[in-house]
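Trainee: My questions concern the predicted model and sequence given below.
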Amino acid sequence: MKKEREIIKKTPYQYFAKTQQEVADALGIPRPYISSIEARAMAKFKEEMAKRGYKVEDFIGGMA
């Protein structure tokens, strides 16, 4: 019987693509707290982009 090997493609981002649960476990805090931190960070980012005159369509949608 031949054993199959799992192929793992390593990328520069492999250490950054974590789930909220993985981050919470690593920091020793509850997952809902990570969710609230993420929500606040996204709101701040969105607000800053709006101040600078950017819209979502500037990043998503290409040459439409």
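Mentor: Arrived safely.
Trainee: What is the neighbour count of Asp25?
Mentor: Neighbours of Asp25 under the rule other Cβ atoms under 10 Å: 13. Glycine gets a C-beta too; all of them are placed from N, C-alpha and C.
Trainee: Look at it and report its pLDDT.
Mentor: We have a pLDDT of 91 for Asp25.
Trainee: same question, the one 3 residues further on
Mentor: Reading off the per-residue confidence, Gly28 sits at a pLDDT of 93.
Trainee: how much space between it and Glu38?
Mentor: 17 Å (Cβ to Cβ, to the nearest Å).
Trainee: More neighbours: the two, which one.
Mentor: Glu38 (12 against 6).
Trainee: How about the contacts made by the more buried one?
Mentor: Contacts for Glu38 (Cβ atoms under 8 Å, 6 or more residues apart in numbering) come out as Gln20.
Trainee: Which of the three states applies to it?
Mentor: Secondary structure assignment for Glu38 (DSSP: H, G, I helix; E, B strand; the rest coil): helix.
Trainee: For it, give its distance to Arg31.
Mentor: Glu38 is 10 Å from Arg31, by Cβ to Cβ.
Trainee: between those two, what contacts are shared?
Mentor: Counting by Cβ under 8 Å, 6+ apart, the residues touching both Glu38 and Arg31 are Gln20.
Trainee: quick one: Glu48 and Leu27, what's the gap?
Mentor: Distance from Glu48 to Leu27, by Cβ to Cβ: 25 Å.
Trainee: quick one: secondary structure of the spatially most central residue of the chain?
Mentor: Nearest to the geometric centre of the chain sits Ala17, at 6.4 Å (Cα atoms, centre = their mean). Following three-state DSSP, the label given to Ala17 is coil.
Trainee: Run through the residues that contact it.
Mentor: Ala17 neighbours (Cβ under 8 Å, 6+ apart): none.
Trainee: Which pLDDT value goes with it?
Mentor: The model's pLDDT for Ala17 equals 71.
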